[in-house]
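> Mind folding the following:
(4 chains)
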There are 2 protein chains.
Amino acid sequence: MTKNAGMRDVAELAGVSVGTVSNVLNRPDVVAPGTRARVQAAIAELGFVRSESARLLRVGRSQVLALLALDLANPFYVEVLRGAEQAAREAELGVVVVDSAGSAVAEAGQLALLAQQRVRGVMVTPADGSGGTLAEFGRSRIPYVLVDREVPGGGVCRVLVDDVAGGEMAVAHLIGAGHRRIGYVAGPLGAAEFRDRLVGARRGIGAADGCASLAAEGVHEPARLMVIEAPGADIAAGRDAAARVLGLSAAERPTALFCGNDLIALGVLQALFAAGVVVPAEMAIVGYGDMELAAGAVVPLTSIRLPAARLGRAAAELLIEESGPLAAQHVHRDVVFQPELVARASSLPVRSPGS
Amino acid sequence: MTKNAGMRDVAELAGVSVGTVSNVLNRPDVVAPGTRARVQAAIAELGFVRSESARLLRVGRSQVLALLALDLANPFYVEVLRGAEQAAREAELGVVVVDSAGSAVAEAGQLALLAQQRVRGVMVTPADGSGGTLAEFGRSRIPYVLVDREVPGGGVCRVLVDDVAGGEMAVAHLIGAGHRRIGYVAGPLGAAEFRDRLVGARRGIGAADGCASLAAEGVHEPARLMVIEAPGADIAAGRDAAARVLGLSAAERPTALFCGNDLIALGVLQALFAAGVVVPAEMAIVGYGDMELAAGAVVPLTSIRLPAARLGRAAAELLIEESGPLAAQHVHRDVVFQPELVARASSLPVRSPGS
DNA sequence: GCCGGTCCTTGAAACGTTCAAAAGGACTGG
DNA sequence: CCAGTCCTTTTGAACGTTTCAAGGACCGGC
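Predicted coordinates:
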């Protein structure tokens, strides 16, 4: 009772050798039914739990994948986790999560921890954009997959969301709803994600212009994009950006805002509400990311939904392939997923578009 | 290059024995500075990472704690994690997270995984309220701490929030703001948390009545509590409950609602907004949990803030004590934290209280 | 009765660490 | 020159699994 039961104890109780116990655990079909039952009874009686460390030590391959999230408070990663868990379960693996809280040094620490544990593979959204931390981690020869992020220096698998397409569909949606003056409330444009969405937004505007001139249905104000860079990527930043928009003259002010993420959108919504601007009648809003709170906002938010679970599943699958017996045939690749627009009340079409 | 470097390789390269390498790693002070430097150089050159499994196998004590969250999408657990990580870092331990998504069977699976890994200890908010799963896990002799939950069968440490006090302070706050007819929009009363908050709410009402009669400042409508049980604990449930409140006559309808959690409060807010009831002038709202989205709601939500990080820190500390060298002196105990009310716009005092 | 199979079980050697005990060397004081 | 001390390094036995070659028992066919 003072010590944990090991295979030796089980073997003794069942009157067999440890080799047989191991067989019951790993290749049950190879041991005679009677013996197997006896061993299983012994296992249950002793509450035996096989030591993963001893197993790993011997066999050299762990049974767990790790997800190193950039910020667990972002539900995106939770959804990624769910997808990964699903794929992992099918391969009889476990998934543990760890997060870097956006700090490169925490990230390095967590990677060191995972390397020591010899996890089977790591799904990571790096905090250190330089790729240095990951390069260091690469020496451990543990495979990893980048999630929703690219870093310099290839030779690695990546699962990505097509943010350009996301930006384009947001703007196309607003244009389709009759808007011509559209604002893009970006997060810091230093971040690739906000830049990509901007590229997409511009593309959406361009497509509309082409289309409009073709259709030539009366005198059309050409679609225009105005870029507002928020000071951050959270609610407060959204409030701040909205204040700037509200400062514009009626003629200049956009009639619709595409926000770089849902938090920014929420801040915008809050500021507009405080200023008495009604959404969507006087200002339409589209968010990005489709967090749960987008649907739960007072005016439910139209948003771009990211297929996070599919990212997670794909990442896990790539990892399983790369760390499995067929690792030799593995070739690094990118898997790109398309986002999807979820229309809600915040962008209902307006009666009279334009000024 | 084909195989990972082990201590043997390091020793060879540095021209010492493995024992010395082990000493450099574990008791650097005991080895001569020159030798130490040589070994460290070899370690760096080979990119050696010590195998935690081998170490664990030998020494029998892991370096990682685990947090088994009920639902990672709930930011509460992320905050718990942050607190736990802080305490863990001080003890040079790592923390991994795993979640059960509220499912008892997933929970059992995750616990089995953690038992195999021989983690140092587990912080858990059990999905299986019966305590059966945990009792089974207890056989592994891995210490665990209950987080924000009690289950039948003691003999375990717990870190808790005083939900009764939380309920009381919410109601007291509303009464202080001049409200007399208060509604408690509970989640399913099968859950202990919502029951505790109800007890607290009643206590708050009781205290006010005592006070009011004492103060005898004019004719006072006595404070009353009306309980509305929502069909769930999410946004939709809140909307549903709000619809019921809106169906009441003006004389009956509460002037303030204390919601069992922030999601319910958000749903309520959404429904009130849609019905044109203005918050807080016509209806004050208090949430529970103070999630980020409480502050981000159109009308920033007054809410009861839970000291989640402190829970996490306390849980980790208990675990460290219980699994450390002083385990013998460890006595199981409960650590109870007081929540705190964060007043925001949704419960601003009204001019003329009562009907 | 012996042979070749088939099935099941055993025993022992790894895996990469840690740890305690022992060995080795360099001084010191006698 | 020896015993004693101190400091550093080596040695080898664990830790709990898996794996695999080899052994034993039994069976049917000759």
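> Just checking stretch A:98-116 against chain B, any contact.
Yes - counting by C-beta under 8 Å from any C-beta of the partner chain, chain B is contacted by stretch A:98-116 at A:98-99, A:101, A:110, A:112-113, A:115-116. In short, each C-beta sits where N, CA and C put it, glycine included.
> I'd like to know which of those are part of strands.
Of the positions in the residues of stretch A:98-116 next to chain B, A:98-99 sit in strands, assigned by DSSP state E.
> ok, which stretches of chain A are strands?
With DSSP E as the criterion, chain A has strands spanning A:64-69, A:94-99, A:121-124, A:144-147, A:157-161, A:181-186, A:224-229, A:256-259, A:284-289, A:302-305, A:334-337, A:340-342.
> how much space is there between the residue in the stretch 201-350 of chain A positioned nearest to DNA strand C and chain B?
For the stretch 201-350 of chain A, the residue closest to DNA strand C is residue A:323, as judged by C-beta to the nearest atom of the strand, at 16.6 Å. Separation of residue A:323 from chain B (C-beta to the nearest C-beta, to the nearest Å) stands at 14 Å.
> now swap in residue A:15 and tell me
Taken as C-beta to the nearest C-beta, the span from residue A:15 to chain B is 22 Å.
> Just give the nearest non-adjacent residue to that residue, would you?
Leaving aside its sequence neighbours, residue A:15 sits nearest to residue A:38 (C-beta to C-beta, 6 or more residues apart in numbering or on different chains; 7.1 Å).
> And for the one you found, the neighbour number?
18 (other C-beta atoms under 10 Å in any protein chain shown).
> right, and it touches residue A:20 too?
No - taking C-beta atoms under 8 Å as the definition, residue A:38 is not a contact partner of residue A:20, at 9.6 Å.
> list the residues that contact both of the two?
residue A:14 (C-beta atoms under 8 Å, 6 or more residues apart in numbering or on different chains).
> coming back round to it: dump the residue contacts of the residue of the stretch 201-350 of chain A closest to DNA strand C.
Contacts of residue A:323 (C-beta under 8 Å, 6+ apart): A:61, A:120-121, A:143.
> near DNA strand C, which residues of chain A show up?
A:16-20, A:23, A:30-32, A:34-36, A:54, A:57-58, A:60 (C-beta under 7 Å from any atom of the strand).
> Buried among these? Make that a PyMOL selection.
Selection of buried members from the residues of chain A next to DNA strand C for PyMOL, criterion 16 or more other C-beta atoms under 10 Å in any protein chain shown:
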select buried, chain A and resi 16+20+23+31+35+36+54+57
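> Next step: the residues of chain A next to DNA strand C restricted to helices.
A:18-20, A:23, A:34-36, A:54, A:57-58 (DSSP state H).
> Tell me which two of these sit farthest apart.
Farthest apart among these by C-beta to C-beta are A:34 and A:57. That separation is 31.4 Å.
> which secondary element of chain A has the worst mean pLDDT?
Lowest mean confidence among the helices and strands of chain A (mean pLDDT, DSSP states H and E): helix A:192-215, at a mean of 82.
> need the residues of chain A near DNA strand D, please.
So far as C-beta under 7 Å from any atom of the strand goes, chain A lies against DNA strand D at A:3-4, A:6-8, A:18-19, A:21-23, A:25-26, A:48, A:50-51, A:54-55, A:57-59.
> Can you narrow these down to the ones near chain B?
With C-beta under 8 Å from any C-beta as the criterion, the residues of chain A next to DNA strand D include A:4, A:50-51, A:54, A:57 near chain B.
> remind me which residues of the stretch 1-150 of chain A are low pLDDT?
Within the stretch 1-150 of chain A, the segments meeting pLDDT under 70 span A:1-2.
> change it to 90
A:1-4, A:129, A:150 (pLDDT under 90).
> Show me which residues of it sit near chain B.
A:4, A:47, A:49-54, A:56-57, A:62-64, A:66, A:72-73, A:75, A:78, A:81-82, A:94-99, A:101, A:110, A:112-113, A:115-118, A:139-141.
> Select only the buried ones of those residues in ChimeraX?
Selection command for ChimeraX covering only the buried members of the residues of the stretch 1-150 of chain A next to chain B, criterion 16+ other C-beta under 10 Å:
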select /A:4,49,50,51,52,53,54,56,57,62,63,64,66,72,73,75,78,81,82,94,95,96,97,98,99,101,110,112,113,115,116,117,118,140
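> For the closest residue to DNA strand D within the stretch 201-350 of chain A, grab the count of nearby residues.
Residue nearest to DNA strand D within the stretch 201-350 of chain A (C-beta to the nearest atom of the strand): residue A:325, separated by 11.2 Å. The local packing of residue A:325 (other C-beta under 10 Å) involves 8 other residues.
> Repeat that for residue A:242.
So residue A:242, with other C-beta under 10 Å, has 30 neighbours.
> which residues sit in contact with it?
Neighbours of residue A:242 in contact, by C-beta under 8 Å, 6+ apart: A:185, A:257, A:267-268, A:270-272, A:275.
> so what pLDDT did the residue nearest to residue A:135 when sequence neighbours are not counted get?
Leaving aside its sequence neighbours, residue A:135 sits nearest to residue A:153 (C-beta to C-beta, 6+ apart; 6.4 Å). We have a pLDDT of 78 for residue A:153.
> same question, residue A:218
So residue A:218 comes in at 52 (pLDDT).
> surely residue A:303 meets residue A:294?
Yes - between residue A:303 and residue A:294 there is a contact at 4.4 Å, judged by C-beta under 8 Å.
> Could you tell me which residues touch both of these two?
A:262, A:265, A:287, A:342, A:344.
> Highest mean neighbour count out of the strands of chain A?
Highest mean neighbour count among those (mean count of other C-beta atoms under 10 Å in any protein chain shown): strand A:256-259, with a mean of 31.
> Now do that one: which elements does it pack against?
helix A:163-176, strand A:181-186, helix A:235-246, helix A:262-274, strand A:284-289 (3 or more C-beta pairs under 8 Å, 6 or more residues apart in numbering or on different chains; DSSP states H and E).
> mind listing what it pairs with, with the direction of each?
strand A:181-186 (parallel), strand A:284-289 (parallel) (DSSP bridges).
> Export those as JSON lines, with columns for distance to residue A:231.
Listed next are these as JSON lines, based on distance: least, C-beta to C-beta, whole Å:
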{"stretch": "strand A:181-186", "distance to residue A:231": "11"}
{"stretch": "strand A:284-289", "distance to residue A:231": "17"}
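> Skip the chain neighbours and tell me the closest residue to residue A:277.
Per C-beta to C-beta, 6+ apart, closest to residue A:277 is residue A:283, 5.3 Å.
> The one you found contacts residue A:255, correct?
Yes - the pair residue A:283 / residue A:255 is scored as a contact, 6.5 Å apart, by C-beta under 8 Å.
> So for those two, which residue has more residues nearby?
Shown here are residue A:283 and residue A:255; by other C-beta under 10 Å, residue A:283 has more neighbours (25 against 21).
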